[in-house]
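Asker: Whatever this is, show me its structure:
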Amino acid sequence: MSYTLTVTVKLEGITAPLQIHAETVNDLRKQVQQLQQHDMIAAHPAETPAAARHVCEYHGPMKESTKRPGTFFCPAKMGDGSYCKSKA
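Answerer: Numbers count the residues shown, from 1 in each chain. Sure thing, here's the model as predicted:
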């Protein structure tokens with residue numbers, strides 16, 4: 001029996017799905033752990049689905065607005081000290 005798992009990975013600013021194929025569950029776990037060690041996937045993927053869909057091109061994952069649910073903003077500051085204006 002073989003196993004296939006699709007994970008979302010990030011490498012050099014590019015986010016994309018990646019299919020992992022393994023002959024055993026232990027081999028599958030090892031491959032996922034290697035990706036986690038290189039910060040290519042989240043350690044707890046269930047906690048990041050919204051962040052995976054809404055990413056600032058400069059600073060990474062956005063936060064959901066508490067004032068306008070369903071919209072996202074970047075909480076980071078720019079080099080000049082002003083807040084980033086990226087929204088989704």
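Asker: so how many other residues sit close to the nearest residue to Leu5 once chain neighbours are set aside?
Answerer: Nearest residue to Leu5 in three dimensions, chain neighbours excluded: Ile20, at 4.8 Å (C-beta to C-beta, 6 or more residues apart in numbering). For the C-beta atoms, the positions are set from N, CA and C on the backbone; glycine is no exception. Ile20 has 17 neighbouring residues, counting by other C-beta atoms under 10 Å.
Asker: In terms of helices and strands, where is Ile20?
Answerer: Taking DSSP states H and E as the criterion, Ile20 maps to strand 14-22.
Asker: which helices and strands does that strand pack with?
Answerer: Under the contact definition 3 or more C-beta pairs under 8 Å, 6 or more residues apart in numbering; DSSP states H and E, strand 14-22 sits against strand 3-11, helix 25-37.
Asker: Ok, which of these comes nearest Ser86?
Answerer: Ser86 lies closest, by C-beta to C-beta, to one member of the helices and strands packed on strand 14-22: strand 3-11, at 16.8 Å.
Asker: Go through the closest one and flag the buried ones.
Answerer: For strand 3-11, a neighbour-count test (16 or more other C-beta atoms under 10 Å) marks 7-10 as buried.
Asker: Point out where the chain drops to low pLDDT.
Answerer: For the chain, residues meeting the criterion pLDDT under 70 lie at 42-52.
Asker: Could you please name the strands the strand holding Ile20 pairs with and the direction of each pair?
Answerer: Here strand 14-22 has these sheet partners by DSSP bridges: strand 3-11 (antiparallel).
Asker: just the angle between the strand it pairs with and helix 25-37, please?
Answerer: With axes from the mean of the first three to the mean of the last three C-alpha atoms, to 10 degrees defining the directions, strand 3-11 sits at 10 degrees from helix 25-37.
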